[in-house]
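Peer 1: Provided below are the primary sequence and the corresponding predicted coordinates.
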Amino acid sequence: MTAPLPLPPVPEPFRLPFHYGSLHQVGIDWLVESGPVRELLAKHHPDLTAAEFEDGRALVSLNYQLYFAQYAFGGGVTQEIEFNVIAFPTAAEGRLPRLTYAQYAQGWDQTKLLGIARLHVVCDNPFAIRAGRELYAEPKYPGRFEVGLPSLNGPEGDTWNVRCRAATVGPDDTLEKDLGPLLDITAELDGLTPVAANSAPITGYGTDSEGRLLAGPMNVYQPYRWYDLAAPEHSERTRLAVHAPNDDLGRDILTLLGTGPQAAGAWTHQSPPVAAHNRPYYVPTEPRL
């Protein structure tokens with residue numbers, strides 16, 4: 001019998017679990033040829049195997065997150081985008097159910113072995129970059145974001161526009177130089193009817209500097225909204241533009257996605273509001289006759 005493994009360390013000043021005060025997220029999934037995915041995954045995570053779905057295709061995703069966290073000293077807002085391969089620990093292959101993409105996207109894998117193998121994570125919060133690297137072995141580096149998101153405080157609609165830009169971190173632990181755009185993603189989900197997807201907890205995989213495989217589950221306390229985009233009439237619902245093809249992120253996206261196959265699906269989560277400051281009204285200051 002194999003001896004139990006110790007838990008990975010939690011270095012100061014971090015505390016786990018990390019609690020999100022709010023989370024707004026959009027992800028886009030693509031089914032692609034599995035050969036290039038397996039080759040790239042082996043370089044980043046040698047103990048993982050890419051999952052296969054319809055016609056033996058692998059699944060890759062780009063997902064954007066905007067989240068708030070409250071700390072003892074105040075609050076912080078973070079944005080990031082992940083480029084992931086859906087994968088599982090090779091040693092656990094015999095425990096996996098056989099699923100279609102739609103079944104996986106709706107949360108049918110209750111083993112939670114099918115997780116996100118992070119290839120690149122771009123983030124605009126230096127503290128979150130450090131936490132991702134040290135706690136979860138995330139390949140996380142700095143960037144900036146320009147976004148247009150669905151919001152109760154904005155115009156009606158369900159369109160997500162995200163531009164990710166390269167950046168550097170200065171000596172005072174703040175973002176510095178803007179190095180230009182990396183990629184744009186758009187998801188126009190207006191008018192579509194989503195399906196409630198019980199996909200959490202989501203297992204995130206990382207491989208540390210000593211080659212050890214880490215798995216970090218993330219609970220989301222309400223269902224995701226999943227949109228089936230496989231029908232031909234939805235081919236223009238999502239768009240991806242790579243602006244830095246020689247950057248590591250851009251090169252890997254183009255290797256796996258090429259000129260851009262049609263997205264298989266998209267999924268979103270938006271935290272519900274906890275309070276609303278209502279419209280004011282005039283108060284009479286003199287009695288009316």
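Peer 2: Structure received.

Peer 1: any buried residues in stretch 159-179, and which?
Peer 2: Neighbour counts over stretch 159-179 (16 or more other CB atoms under 10 Å) mark Trp160, Asn161, Val162, Arg163, Cys164, Arg165, Ala166, Ala167, Val169, Leu175 as buried. In short, each C-beta sits where N, CA and C put it, glycine included.

Peer 1: quick one: which of these sit in strands?
Peer 2: Secondary structure assignment by DSSP state E places Trp160, Asn161, Val162, Arg163, Cys164, Arg165, Ala166, Ala167, Val169, Leu175 of the buried residues of stretch 159-179 in strands.

Peer 1: export those residues as TSV, with columns for pLDDT and distance to Gln25.
Peer 2: Converted to TSV, these look like this (pLDDT from 0 to 100; distance: CB to CB, whole Å):
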residue	pLDDT	distance to Gln25
Trp160	98	9
Asn161	98	14
Val162	98	11
Arg163	98	17
Cys164	97	14
Arg165	96	19
Ala166	95	22
Ala167	95	21
Val169	91	24
Leu175	88	21
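
Peer 1: determine which two of the residues you listed are furthest apart.
Peer 2: Trp160 and Val169 (26.3 Å; CB to CB).

Peer 1: all strands for the stretch 51-200 of the chain, in order.
Peer 2: Here the stretch 51-200 of the chain has its strands, by DSSP state E, counting those that start in this stretch, at 58-71, 74-89, 115-123, 140-148, 159-169, 175-188, 195-197.

Peer 1: could I get the average pLDDT for the fourth one?
Peer 2: Strand 140-148 carries an average pLDDT of 97.

Peer 1: packing partners for it?
Peer 2: In terms of contacts (3 or more CB pairs under 8 Å, 6 or more residues apart in numbering; DSSP states H and E), strand 140-148 is packed against strand 58-71, strand 74-89, strand 115-123, helix 126-136, strand 159-169, strand 175-188.

Peer 1: out of these, nearest to Ala3?
Peer 2: Ranking the helices and strands packed on strand 140-148 by distance to Ala3, with CB to CB as the measure, places strand 74-89 first at 17.3 Å.

Peer 1: that closest one: partners in the sheet, and parallel or antiparallel?
Peer 2: The strands that strand 74-89 pairs with in its sheet are strand 48-50 (antiparallel), strand 58-71 (antiparallel), strand 115-123 (antiparallel) (by DSSP bridges).

Peer 1: what sits up against the shortest one?
Peer 2: Think strand 48-50. 34, 37-38, 41, 58-59, 85-90, 93, 117, 205, 213 (CB atoms under 8 Å, 6 or more residues apart in numbering).

Peer 1: what do you get for stretch 207-224?
Peer 2: In contact with stretch 207-224 (CB under 8 Å, 6+ apart) are residues 8, 23, 44-48, 89, 107, 112, 115, 135-137, 196-206, 267-269, 272.

Peer 1: go with 7 Å
Peer 2: 8, 23, 44-45, 47-48, 89, 112, 115, 136-137, 196-206, 267-269 (CB atoms under 7 Å, 6 or more residues apart in numbering).

Peer 1: list the buried residues of it.
Peer 2: Thr207, Leu213, Gly216, Met218, Val220, Pro223, Tyr224.

Peer 1: ok, now stretch 98-117?
Peer 2: Result for stretch 98-117 [16+ other CB under 10 Å]: buried residues 99, 101-102, 104-107, 109, 113-117.

Peer 1: one more: stretch 4-21?
Peer 2: Applying 16+ other CB under 10 Å to stretch 4-21 flags Pro8, Tyr20 as buried.

Peer 1: next: stretch 241-254.
Peer 2: Neighbour counts over stretch 241-254 (16+ other CB under 10 Å) mark Val242, Ala244, Asp247, Leu249, Gly250, Asp252, Ile253 as buried.
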